[in-house]
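okay, predicted coordinates and the sequence, questions at the end:
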Amino acid sequence: MGQAASSPAGGAQPPQQPLAYNVDPETRQPYAVDPESGIAIDPSTGKPFKLCCSCLPTKKRRDTCVLEEGEENCADAIDEHKRCLRSLGFKI
């Protein structure tokens with residue numbers, strides 16, 4: 001017969017929260033924003049992030065997907081990387 005739903009068990013995990021790309025992973029605080037460029041400031045340099053050096057985890061995922069699967073099969077990875085860059089203030 002029917003049993004009531006129970007809390008996740010046996011390795012089941014609750015749904016993941018969306019990644020907050022504009023938050024410093026160490027302090028969990030939002031990055032400061034450069035008033036001139038509108039781009040988030042890298043706390044390690046005190047200067048705005050550079051496009052080439054931003055969002056490295058999503059960049060790696062995107063690049064790996066495109067190389068292994070072809071660009072036409074990587075819309076999710078490409079979109080995730082764009083969201084990350086936009087969250088830091090880049091106009092792409």
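Structure received. Numbering: from 1, shown residues only.

ok, residues contacting the helix or strand bottoming out on mean pLDDT in the chain?
In the chain, no helix or strand scores lower on mean pLDDT, DSSP states H and E than strand 41-42, which sits at a mean of 94. Applying C-beta atoms under 8 Å, 6 or more residues apart in numbering, the contact partners of strand 41-42 are 31-34, 47-49. (C-beta placed from N, C-alpha, C; glycine too.)

kindly recompute the last result at 10 Å.
Contacts to strand 41-42, defined as C-beta atoms under 10 Å, 6 or more residues apart in numbering, come from residues 24, 31-35, 47-50, 53-54, 88-89.

which among these count as buried?
Buried members of the contacts of strand 41-42, scored by 16 or more other C-beta atoms under 10 Å, are 24, 31, 34, 48-49, 54, 88-89.

before we move on, the earlier item: ok, which pair from the contacts of strand 41-42 is furthest apart?
Maximum pairwise distance in these, criterion C-beta to C-beta, is 20.9 Å, between Pro35 and Cys53.
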